[in-house]
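Asks: Show me how the following folds:
(one chain, ligands or ions: 1)
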Amino acid sequence: SSSSSSENARFGRSGSLSSIPPPAQKIDVNPPKGTRDFPPEEMRLRNWLFHNFREVSQMFAFEEVDFPVLESEALFIRKAGEEIRDQLYCFEDRGNRRVALRPELTPSLARLVIQKGKSLSLPLKWFAVGQCWRYERMTRGRRREHYQWNMDIIGVPDVTAEAELISSIVTFFKRIGITAVDVGFKVSSRKVLQEVLRYYSIPNNLFGKVCIIIDKMEKIPIDEVKKELRSAELSDEAIEELLQVLSIKSLTKLEEKLGAAGEAVADLKQLFSLAEKFGYSEWIQFDASVVRGLAYYTGIVFEGFDREGKLRAICGGGRYDQLLSTFGGEDIPACGFGFGDAVIVELLKEKGLIPEVGPQVENIVCYLDPDLQGAAVSVATILRGKGQSVDLVLENKSLKWVFKRAARINACRLILVGSSEWQKGEVRVKNLSTGEQYEIKVDKLE
Ligand SMILES: OCc1cccc(Br)n1
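Replies: All right, here's what the predicted structure looks like:
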């Protein structure tokens, strides 16, 4: 027949169906919308960042914990109008359970503390680095996942806990070259809000909702904020007074406004005094407008910001003394923060502080003669047994190929297994930074 060659290929000479399938429809090889791959170079930067998270956490004697990425949806259902609730990545699983990809780590931590109950000896100092999710309409093209570093202190009612947390973040910033010139912390307390709302007899159950509305102050027009506050049953007088207090940026003025007797002023004065002792006074400033966007904060709140004002908040946290009881547990005083892995990298890029984190391997081992494949394997295994990293060239490659690979993986030393040396029980070594070459007995390699 005059069928085309490709037709022949498919049906073969005998005309029967051959085993060569048609080319598969190419799948989309990009990761799902809003998510990231971490190829080696990106993974090395992520590992560098997380290593610093962990080093600081351990320096402050915090213990690492983790929880499932998938949680019961109920853990995150709060009725305060939070963005984190509107963007919950939730679904019904095959067992008809309502579940969600965690949007934050704190509720999981609270769940574990309740679960462990009396078996835990307080205070707890726990940290975690975990992937968190949100389902945001891609209209804004923002990410749907990020990794968050959290540190939490459970069981300490005193403001020293918040001061300790801020100190750990300052320590982290210093380690990676960020200074108080680049970044600051706006610090306030939700007790400021509480004292104003109490003065206007606003019921406690509206507190979380009012905080979430106020947190939007920088993001939506002030008239919209007022409208939402009115819908939360605040009188115009209460709204004006609230906005006036929230514009205060000095502790002295706050004290003049609220008096010295209230907890808000006392807590903040103690925090600023402790900041002196920790040595980070230049990093923090009082700003009554900071409320943070999570409903469960009850006291001190803080957020790290870039002083050039180009980026979103770098990190944020605060005290949440009543979170456990929202899950039916006994309340235990607690505070913590979340620190995402994205904004900090944008800041490091801005400041030219992205570290050189190239690949690094101590040895590359190759064989020049196909019969010496086994010899090369044994040399690589001996070196690995001595705790050395070895890139074993797995096929018989030209020296040109080996040198090219050695440069790409930034190998320190080339070990050549050649027949004349091997007969003497030796290998040839080339130091790839100095060029020095020598032959050595295999058992003398170190
Ligand atoms: O910061 C809010 C948030 C939560 C989950 C995932 C991402 Br991306 N962002």
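
Asks: Next, the contact list for the closest residue to the ligand within the stretch 251-400 of the chain, please.
Replies: The ligand sits closest to Gly340 of the stretch 251-400 of the chain, with a gap of 5.9 Å, by Cβ to the nearest ligand atom. In short, each C-beta sits where N, CA and C put it, glycine included. Contact analysis of Gly340 by Cβ atoms under 8 Å, 6 or more residues apart in numbering lists 146-148, 314-315.

Asks: what does Glu350 give?
Replies: For Glu350, the contacting residues are 306, 308, 310-311, by Cβ under 8 Å, 6+ apart.

Asks: Looking at the backbone only, give me phi and psi for the closest residue to Pro40 other than its chain neighbours.
Replies: Nearest residue to Pro40, sequence neighbours excluded (Cβ to Cβ, 6 or more residues apart in numbering): Pro359, at 7.0 Å. Main-chain torsions, Pro359, degrees, to the nearest 10: phi -70, psi 160.

Asks: wait, isn't Pro359 in contact with Asn410?
Replies: Yes. Counting by Cβ atoms under 8 Å, Asn410 is a contact partner of Pro359 at 5.1 Å.

Asks: Tell me the residues of the stretch 101-250 of the chain that contact the ligand?
Replies: Taking Cβ under 6 Å from any ligand atom as the criterion, the stretch 101-250 of the chain approaches the ligand at residues 103, 132-134, 143-146.

Asks: Mark which of those are buried, thanks.
Replies: For those, a burial check counting by 16 or more other Cβ atoms under 10 Å picks out 103, 132-134, 144-146.

Asks: can you put these in CSV and add distance to Lys118?
Replies: Below are those laid out as CSV (distance: Cβ to Cβ, whole Å):
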residue, distance to Lys118
Pro103, 29
Cys132, 29
Trp133, 32
Arg134, 35
Arg144, 38
Glu145, 35
His146, 35
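
Asks: Which of those fall in strands?
Replies: 132-133, 145-146 (DSSP state E).

Asks: Report the secondary structure state of Phe127.
Replies: strand (DSSP: H, G, I helix; E, B strand; the rest coil).

Asks: Identify the residues contacting it.
Replies: Taking Cβ under 8 Å, 6+ apart as the test, what Phe127 contacts is 53-54, 57, 62-65, 149-152.

Asks: Same question for Ala376.
Replies: Shown in contact with Ala376 (Cβ under 8 Å, 6+ apart): 365-367, 392-393, 417.

Asks: That one is in what secondary structure piece?
Replies: helix 373-385 (DSSP states H and E).

Asks: immediately after that helix, which helix or strand?
Replies: With DSSP H and E, the next secondary element past helix 373-385 is strand 390-392.

Asks: where does the stretch 201-350 of the chain dip in pLDDT?
Replies: Across the stretch 201-350 of the chain, nothing is flagged by pLDDT under 70.

Asks: any idea where the strands of it begin and end?
Replies: Ranges of strands within the stretch 201-350 of the chain are 284-286, 300-306, 315-319, 334-340, based on DSSP state E, counting those that start in this stretch.

Asks: helices or strands up against the first one?
Replies: Counting contacts by 3 or more Cβ pairs under 8 Å, 6 or more residues apart in numbering; DSSP states H and E, the secondary-structure elements packed against strand 284-286 are strand 183-189, helix 263-278.

Asks: sorry, back to before: determine which two of the residues of the stretch 101-250 of the chain next to the ligand are furthest apart.
Replies: Taking Cβ to Cβ as the measure, these span a maximum distance of 12.4 Å, between Pro103 and Arg143.

Asks: contacting residues around Arg134?
Replies: 84, 87-89, 103, 144-145.

Asks: Max pairwise distance over the contacts of Gly340: which two?
Replies: Tyr147 and Ile314 (13.9 Å).

Asks: Just want to know which of the two has more residues nearby.
Replies: Of the pair Tyr147 and Ile314, Ile314 is the one with more neighbours under other Cβ atoms under 10 Å, namely 23 against 17.

Asks: show me the contacts for the nearest residue to that one once chain neighbours are set aside.
Replies: Leaving aside its sequence neighbours, Ile314 sits nearest to Gly304 (Cβ to Cβ, 6+ apart; 4.0 Å). Counting by Cβ under 8 Å, 6+ apart, Gly304 makes contact with 169, 173, 183-185, 313-316, 339.

Asks: can you redo those residues as TSV with distance to Glu350?
Replies: TSV is the format used below for the contacts of Gly304 (distance: Cβ to Cβ, whole Å):
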residue	distance to Glu350
Ile169	18
Phe173	14
Val183	11
Gly184	15
Phe185	18
Ala313	15
Ile314	11
Cys315	16
Gly316	19
Phe339	17
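
Asks: Pick out whichever of those residues sits closest to Arg46.
Replies: Phe339 (13.6 Å).

Asks: Isn't the closest one up against Ala313?
Replies: No. Phe339 is not in contact with Ala313 according to Cβ under 8 Å; the separation is 9.9 Å.

Asks: Compare the two (neighbour count), which wins?
Replies: Phe339 (23 against 19).

Asks: measure the more buried one to Ser201 for me?
Replies: Separation of Phe339 from Ser201 (Cβ to Cβ, to the nearest Å) stands at 38 Å.

Asks: got it, and Glu55?
Replies: As defined by Cβ to Cβ, Glu55 lies at a distance of 49 Å from Ser201.

Asks: Would you mind telling me which of those two has the busier surroundings?
Replies: Glu55 (12 against 8).

Asks: Make sure Arg97 is actually in contact with Ser72.
Replies: Yes. The pair Arg97 / Ser72 is scored as a contact, 7.2 Å apart, by Cβ under 8 Å.

Asks: Who has more neighbours out of those two?
Replies: Ser72 (15 against 12).

Asks: Make sure that one is actually in contact with Leu101.
Replies: No. Ser72 lies out of contact with Leu101 (Cβ under 8 Å); the separation is 11.7 Å.
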